[in-house]
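1. quick one: sequence and predicted model below, then my questions.
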Amino acid sequence: MQSVCAVVVSGGNGSRFGNPGGKQLVSVAGRPLMTWSIMAFDRSSHVGRIIVVCPANRRAEMRGLAVDPYEFSTPVAFADAGETRQASTRAGVLATPECFELVAIHDGARPLITTEAIDRAIGVLVSNPSLDGVVCGQPAIDTLKIAARGLISSTPPRSVFWAAQTPQVFRLDAMRRAHARAVEDGFLGTDDSSLVERMGGRVLCVESPRDNLKVTVPEDLRPVTAILLGRMSDAESAQDTGIISTPPIA
Ligand SMILES: Nc1ccn([C@@H]2O[C@H](COP(=O)(O)OP(=O)(O)OP(=O)(O)O)[C@@H](O)[C@H]2O)c(=O)n1
Ligand SMILES: C[C@](O)(CO)[C@H](O)COP(=O)(O)O
């Protein structure tokens with residue numbers, strides 16, 4: 001059943017990336033950066049619509065370069081980005097039709113997300129009615145320090161820390177209420193889950209692949225490109241040896 005609407009936020013300036021046109025359309029392993037995320041959601045049998053959030057004045061450009069050439073089977077709609085990531089996710093959530101039970105919010109700048117990881121996160125939420133949402137992420141592997149201006153005050157137990165990524169999947173009504181409350185309170189979070197958490201919502205961390213990297217600075221392109229090219233080559237080899245019967249992704 002296609003109960004999930006995906007919101008792919010691609011409305012940032014990419015100031016840390018430093019490219020005048022942003023990073024969304026930069027070619028990575030032969031495709032625009034943002035296209036990889038849309039492809040991963042397009043392949044999920046749970047996803048019935050994809051909303052791409054992008055700057056209003058760049059909608060035609062992004063549609064023409066990153067969406068239309070790929071003939072996705074899932075309907076793709078657009079919403080206008082806001083000044084902050086949170087304003088952009090809010091636009092996507094408000095544009096999500098009521099008929100969808102869940103909304104999966106993902107950074108267009110995380111091109112390595114896989115359909116398997118998306119489906120696993122959705123599956124955890126669907127099978128746990130007591131949850132309001134799930135967050136893909138990684139348990140902390142480094143020893144963590146609390147430090148002000150570099151001076152360490154303590155070493156907290158890392159077993160309780162997770163590095164949050166996207167997708168983050170929520171019940172649509174919970175996410176709508178969380179955004180409304182955030183606007184009322186003037187709260188600005190660094191991810192979507194924090195909006196639900198502050199209302200007492202129950203959100204579970206779900207382990208996703210360690211390589212679900214976000215392209216933030218130009219140096220991030222090198223590992224991301226290598227991983228994507230590696231996956232394409234693996235898919236072609238599997239095709240050649242008859243291990244899989246679906247078409248290669250390149
Ligand atoms: N107003 C904004 C800001 C961010 N994003 C999106 O949120 C994701 C995560 O943001 P980040 O990687 O930090 O992107 P930018 O905001 O573009 O980068 P920077 O902070 O360096 O300007 C990206 O896919 C970005 O396009 C968005 O849709 N709208
Ligand atoms: C939502 C997020 O991807 C979680 O890691 C992240 O917070 C978004 O971008 P930023 O780099 O923190 O601005």
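-> Here it is on my side, so go on. Residues are numbered from 1 along each chain as shown. Ligands and ions are numbered 1, 2, ... in the order given.
2. what secondary structure does Val67 sit in?
-> Val67 falls in the helix class when you classify it by DSSP: H, G, I helix; E, B strand; the rest coil.
3. tell me the contacts of it?
-> Under the criterion of CB atoms under 8 Å, 6 or more residues apart in numbering, the neighbours of Val67 are 35, 38, 52, 76. Glycine gets a C-beta too; all of them are placed from N, C-alpha and C.
4. starting at the chain centroid, how far to the longest helix along the chain?
-> When every helix of the chain is counted residue by residue (DSSP state H), the longest turns out to be helix 221-240. Counting by CA atoms, centre = their mean, to the nearest Å, helix 221-240 is centred 20 Å from the centre of its parent chain.
5. give the buried residues for it.
-> By 16 or more other CB atoms under 10 Å, the buried positions in helix 221-240 come out as 221, 224-225, 227-228, 231, 235.
6. between these, which sits nearest ligand 2?
-> Distance from ligand 2 was checked for each of the buried residues of helix 221-240 by CB to the nearest ligand atom. The minimum falls on Val224, at 14.3 Å.
7. the strands in this protein, which residues?
-> 4-9, 27-28, 31-32, 47-54, 76-80, 102-107, 133-139, 146-148, 151-154, 162-171, 203-207 (DSSP state E).
8. distance of the most centrally placed residue in the chain from Phe161?
-> Closest to where the C-alpha atoms of the chain average out (CA atoms, centre = their mean) is His106, at 1.9 Å. Between His106 and Phe161 the distance, using CB to CB, to the nearest Å, works out to 22 Å.
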